[in-house]
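*Asks:* This is a predicted model, with the sequence first.
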Amino acid sequence: MSVRDFAQRWQEVQGVLGGYLFARLGNHQQVDDLLQEVALAALQSYASYRSDRSFGAWAMGIAKHKLCDHLRRGTSREIPLDEAQIATLEDLVESDLHRWEQRRRAMRDCVRHLSAPQRALMEAYYHHGHDTRTMAARQGLTVGSIKSRLHRIRAALRRCVERALERTRDAP
């Protein structure tokens, strides 16, 4: 598993983890600092992450440990919540992380169904950061043609992901 893979997965869950930490601390600066600590700890132990587990749940475990460490240091106080409120908050976060994981899996499967030229176009644009002008020049096409192709591919991916998520919701 690569650093790039980690960064992509981290981006997907960072907002949910930040929301959880903010609900517990109520201070944006402390949440930002703590999120950096969580990201660093997660990256350092990423080799031990098992891909059969939810990345979000794994990262949430690290966030909870870092939050406990942070509170033990006494540098801030936690928003007073009772155990039931904390459990409800954690259930909501877990639910959000589960939905993100389902969406990520659906997107990965849908990308696999793209044709090789479609995948190459998406990779050039999104992973390598090539602009449409450069892509058009390399392929002997107009910028409008590249934009149109990207639009159609995104629309097809959106429909594919929505169908996959529908099947997941309908499954027993």
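*Replies:* Received it, and whenever you're ready, just let me know what you need.

*Asks:* Name the helix or strand of this structure that has the lowest mean pLDDT.
*Replies:* Of all helical and strand segments in the chain, the minimum by mean pLDDT, DSSP states H and E falls on helix 83-112, at a mean of 80.

*Asks:* same for that one, what does it pack against?
*Replies:* Other elements packing on helix 83-112 under the criterion 3 or more CB pairs under 8 Å, 6 or more residues apart in numbering; DSSP states H and E are helix 3-25, helix 55-73, helix 143-170. The way it works is simple: take the backbone N, C-alpha and C, and place the C-beta from them, glycine included.

*Asks:* In the helix or strand following it, which residues are buried?
*Replies:* Remark: after helix 83-112, the chain's next helix or strand is helix 116-122, criterion DSSP states H and E. By 16 or more other CB atoms under 10 Å, the buried positions in helix 116-122 come out as 118, 121-122.

*Asks:* Who are the packing partners of helix 116-122?
*Replies:* By 3+ CB pairs under 8 Å, 6+ apart, helix 116-122 packs against helix 143-170.

*Asks:* How far does the helix it packs on sit from its chain's centre?
*Replies:* When C-alpha coordinates are averaged (CA atoms, centre = their mean, to the nearest Å), helix 143-170 and its chain have centres 18 Å apart.

*Asks:* can you check stretch 138-157 too?
*Replies:* That offset, for stretch 138-157, works out to 25 Å (CA atoms, centre = their mean).

*Asks:* Please apply the same query to stretch 51-71.
*Replies:* That offset, for stretch 51-71, works out to 14 Å (CA atoms, centre = their mean).

*Asks:* Give the rounded mean pLDDT of it.
*Replies:* Mean pLDDT, stretch 51-71: 88.

*Asks:* ok, and what's touching that stretch?
*Replies:* For stretch 51-71, contacts defined as CB atoms under 8 Å, 6 or more residues apart in numbering pick out 1, 9-10, 12-13, 16-17, 20-21, 24-25, 30, 34, 37-38, 41-42, 45, 49, 76-78, 93-94, 96-98, 100-101.

*Asks:* what about 7 Å?
*Replies:* Applying CB atoms under 7 Å, 6 or more residues apart in numbering, the external contacts of stretch 51-71 come out as 9, 13, 16-17, 20-21, 24, 34, 37-38, 41-42, 49, 76, 78, 93-94, 97-98, 100-101.

*Asks:* ok so, going back, with Ile86 as the reference, name the closest of the helices and strands packed on helix 83-112.
*Replies:* helix 3-25 (7.9 Å; CB to CB).
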